[in-house]
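Asker: Provide a 3D model corresponding to the input given below.
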Amino acid sequence: MTPKVVLVTGVSRFLGGHLAARFAANPDVERVLGVDTEPPPRDLLRRMGRAEFVRADIRNPLIAKVISTANVDTVVHASVTANPAGPTGRTVMKEMNVIGTMQLLAACQKSPKVRKLVVKSTSAVYGSSSRDPAVFTEDMSPKDLPSSGYAKDAVEVEGYVRGFGRRRPDVNVTTLRFTNFIGPRIDTVLTRYFALPVVPTVLGYDARVQLLHSEDALAVLERATMHDLPGVYNVGGDGVLLLSQAIRRAGRLNLPVPSSAVPTVGGFFRSARLVDFSPDQMRFLNWGRVVDTTLLKKEFGFTPRWTTQQAFDDYVNGRGLKPLVDPETVAAAERGILDVAARFR
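Answerer: Coordinates of the predicted model:
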């Protein structure tokens with residue numbers, strides 16, 4: 001079913017705003033509504049073209065009036081976020097993620113016009129621990145259920161979405177579990193982390209990181225909206241990078257920190273408003289996470305344009321990150337370490 005009236009949440013941020021812009025540029029879509037608590041930046045608002053910005057809080061039951069009055073048939077819930085803003089950001093973030101989703105789903109349930117729901121979720125629902133499998137598939141459960149932060153929010157959100165699907169079996173529901181976004185235009189905790197001149201890591205750990213280019217994320221959300229592809233899909237680029245490899249590719253300096261000092265270091269970066277590390281993000285930097293994307297390619301019909309490595313390199317080049325240490329020096333040091341290690345085998 002080609003959507004006629006599409007409502008997108010979270011349009012003041014990169015993903016929601018640029019997604020609304022894509023729908024506005026599609027002549028098959030008759031009307032596009034972009035919802036958020038604050039207007040998008042001026043340049044993003046221009047990109048959104050004929051899309052109509054509606055200043056509304058999805059935590060408020062009045063969102064039901066917006067959906068029913070506009071005869072919305074497709075809802076794209078793109079406002080679930082891991083990026084808290086301000087000193088009370090984490091509390092507000094949880095309210096927007098969880099309470100906002102509950103109210104939005106209640107509004108969709110009341111409207112007989114709604115026929116499709118697309119939800120931006122995250123691979124963080126699988127958690128991060130030492131007992132994780134090498135690769136997570138969609139039917140796997142976390143070994144250690146996330147107990148706080150964005151990951152816990154996403155678990156709760158997906159639970160409400162499944163409940164909605166049972167109550168409204170006539171609605172096509174697509175849940176997209178994205179790996180971490182990267183790219184020259186998007187701002188996330190991870191992009192700010194790799195832009196630090198000295199990047200703190202946990203001593204003794206080297207996490208496997210799977211990334212997704214922000215342009216691939218937009219393409220996946222657009223495809224899920226324009227086609228009937230119900231189900232749950234892992235979404236990530238091919239391949240992985242070790243955290244240490246990513247830091248070197250960005251030309252940053254690695255600062256291994258003992259586990260006992262991690263909370264102190266995290267508090268320093270948070271108070272300096274450089275990077276806000278939540279406990280679930282710190283676990284991710286310990287253990288990493290990799291997902292299987294077979295269903296994405298075979299059933300959903302999408303293969304990411306950028307691999308994990310290509311997406312990361314595009315971020316580094318696009319942001320103009322200048323190496324603090326000459327890459328040839330780093331490479332020579334690594335070769336020397338490998339040569340010494342080979343002698344002791």
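
Asker: Would you map the strands across the stretch 201-345 of the chain?
Answerer: For the stretch 201-345 of the chain, the strands defined by DSSP state E, counting those that start in this stretch occupy 208-209, 211-213, 231-235, 241-242, 253-257, 288-289.

Asker: Confirm that Leu117 sits in a strand.
Answerer: Yes - per DSSP: H, G, I helix; E, B strand; the rest coil, Leu117 lies within a strand segment.

Asker: Would you tell me which one of the strands of the stretch 201-345 of the chain is buried the most?
Answerer: Among the strands of the stretch 201-345 of the chain, ranked by average contacts under mean count of other Cβ atoms under 10 Å, first place goes to strand 211-213 (a mean of 25). Quick note: C-beta positions are derived from backbone N, CA and C, even for glycine.

Asker: okay, the strands of the stretch 201-345 of the chain in CSV with distance to Lys113 next?
Answerer: CSV is the format used below for the strands of the stretch 201-345 of the chain (distance: least, Cβ to Cβ, whole Å):
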stretch, distance to Lys113
strand 208-209, 41
strand 211-213, 32
strand 231-235, 22
strand 241-242, 44
strand 253-257, 53
strand 288-289, 38
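
Asker: residue contacts, the closest residue to His227 other than its chain neighbours?
Answerer: Spatial nearest neighbour of His227, excluding adjacent residues (Cβ to Cβ, 6 or more residues apart in numbering): Gly301 at 8.0 Å. Going by Cβ atoms under 8 Å, 6 or more residues apart in numbering, Gly301 touches Arg223, His227, Leu229.

Asker: quick one: pLDDT of Gly301?
Answerer: Model confidence at Gly301, given as pLDDT, is 97.

Asker: Please tell me how far it sits from Leu105.
Answerer: 27 Å (Cβ to Cβ, to the nearest Å).

Asker: Please apply the same query to Thr307.
Answerer: From Thr307 to Leu105 the distance is 35 Å (Cβ to Cβ).

Asker: Those two: which has the busier surroundings?
Answerer: Just comparing Thr307 and Leu105: by other Cβ atoms under 10 Å the higher neighbour count belongs to Leu105, 24 against 18.

Asker: coming back round to it: save the strands of the stretch 201-345 of the chain as JSON lines, and put in distance to Arg115 and mean pLDDT too.
Answerer: Shown next, in JSON lines, are the strands of the stretch 201-345 of the chain (distance: least, Cβ to Cβ, whole Å; pLDDT from 0 to 100):
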{"stretch": "strand 208-209", "distance to Arg115": "37", "mean pLDDT": "96"}
{"stretch": "strand 211-213", "distance to Arg115": "27", "mean pLDDT": "98"}
{"stretch": "strand 231-235", "distance to Arg115": "16", "mean pLDDT": "98"}
{"stretch": "strand 241-242", "distance to Arg115": "40", "mean pLDDT": "95"}
{"stretch": "strand 253-257", "distance to Arg115": "50", "mean pLDDT": "88"}
{"stretch": "strand 288-289", "distance to Arg115": "33", "mean pLDDT": "94"}
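
Asker: now for those strands, which one comes closest to Ala78?
Answerer: Smallest distance to Ala78 across those (Cβ to Cβ): 13.1 Å, for strand 231-235.

Asker: which other helices and strands contact that closest one?
Answerer: strand 172-178, helix 214-226, helix 294-295 (3 or more Cβ pairs under 8 Å, 6 or more residues apart in numbering; DSSP states H and E).

Asker: Parallel or antiparallel, list what pairs with that strand.
Answerer: strand 172-178 (parallel) (DSSP bridges).

Asker: looking at the strands of the stretch 201-345 of the chain, which is closest to Val35?
Answerer: Here strand 231-235 is closest among those (Cβ to Cβ), at 22.9 Å.

Asker: when you compare where the closest one runs with where helix 214-226 runs, what's the angle?
Answerer: Interaxial angle of strand 231-235 relative to helix 214-226 (axes from the mean of the first three to the mean of the last three Cα atoms, to 10 degrees): 170 degrees.
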